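Participant: Everything below, folded, please.
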Amino acid sequence: MHPTAPENTLASIERALRQGADGVEVDVRVTADGVPVCHHDPSFERTADDRRALSMTGYADLPWIGSHRVPRLSEVVDLVAGRGQLVVELKPPGWPALEAPESVSAVARVLRRHALGHVTVSSFDRLRLRAFRNLGLGCPTALLGRPAVPLLGLVRQSQQDGHPDVHPHVSSVLARPEHVSPGLRMTSWTVNRPADLAQARALGLHAVITDDPAAARALLERPLADAG
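Facilitator: Purely as a prediction, here's the structure:
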């Protein structure tokens, strides 16, 4: 984690936008009292040395991540609005898997109160993503692919489920670049190496998710002949 801007905090989002990112991706889970918040792991053991499960902890009792509190999704949507795109990843229930099915609806209720032109909702969980899409908010949805998942299969699953976007891992894209279609809205994660960024650019991907937006911006703004 960045020492002054830990992942999924308002500080990290602000830092990315100021470094030239076109948008940000956050991980969303729902607290025991139904508040969608941004945190990657099912517990706080890695981020706050606290073994409690997020899904079993009320919002007011969440630990702080260093000097930063866990942000509500609504705060993040407001922070990014008018400044870039926001990808909201719906995380699947972690251990213990006691998260209520209503968690998807809780996320939808937050998003429904905002203009959604800058929001895409993604997930590895096909059932969860399909449930969100069926709520009819109208914002784009994207199926996420884990590392080394065959690109063609991921694209077919995404199209079968009716998602306009697909978010494969960079390893899947680089393994089968011939399956990248110009008409497909494809965003690859996590693209950090300069050579991978250059190839993603050459393939015409819609976007990339990276841990270093400043370096990615500098490389992608170079003339194409120099970017490799």
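
Participant: Surely Q157 is in a strand?
Facilitator: No - assigned with DSSP: H, G, I helix; E, B strand; the rest coil, Q157 falls outside any strand and is helix.

Participant: so how many other residues sit close to it?
Facilitator: Here the count is done by other CB atoms under 10 Å, and Q157 has 15 residues near it. Bear in mind the C-beta positions are built from the backbone N, C-alpha and C, glycine included.

Participant: for the one 10 residues further on, same thing?
Facilitator: Other residues near H167 come to 26 when the count uses other CB under 10 Å.

Participant: Spatially central residue in the protein, please.
Facilitator: E25 (3.6 Å; CA atoms, centre = their mean).

Participant: what about the residue nearest to L116 when sequence neighbours are not counted, how many neighbours?
Facilitator: Spatial nearest neighbour of L116, excluding adjacent residues (CB to CB, 6 or more residues apart in numbering): C139 at 4.1 Å. The number of residues packed near C139 is 19, by other CB under 10 Å.

Participant: How confident was the prediction at C139?
Facilitator: C139 is assigned a predicted lDDT (pLDDT) of 93.

Participant: Spit out the contact partners of it.
Facilitator: 111, 116, 119-121 (CB atoms under 8 Å, 6 or more residues apart in numbering).

Participant: Give the pairing partners of whichever strand in the chain runs longest; include direction for each.
Facilitator: Assignment by DSSP state E gives strand 23-30 as the longest strand of the chain. With DSSP bridges as the test, strand 23-30 is paired with strand 36-38 (antiparallel), strand 85-90 (parallel).

Participant: For the protein, which segments count as strands?
Facilitator: Under DSSP E, the chain gives strands at 23-30, 36-38, 43-44, 50-53, 85-90, 119-123, 141-144, 165-167, 185-188, 207-208.

Participant: want to throw those strands into TSV with distance to P6?
Facilitator: Listed next are these as TSV, based on distance: least, CB to CB, whole Å:
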stretch	distance to P6
strand 23-30	12
strand 36-38	11
strand 43-44	12
strand 50-53	14
strand 85-90	17
strand 119-123	21
strand 141-144	22
strand 165-167	23
strand 185-188	23
strand 207-208	22
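
Participant: who's in contact with the longest strand of the chain?
Facilitator: With contacts defined as CB under 8 Å, 6+ apart, strand 23-30 is touched by 8, 13, 16-17, 36-40, 42, 54-55, 73, 76, 80, 84-91, 94, 99-100, 103, 106-107, 118, 122, 189, 207, 209.
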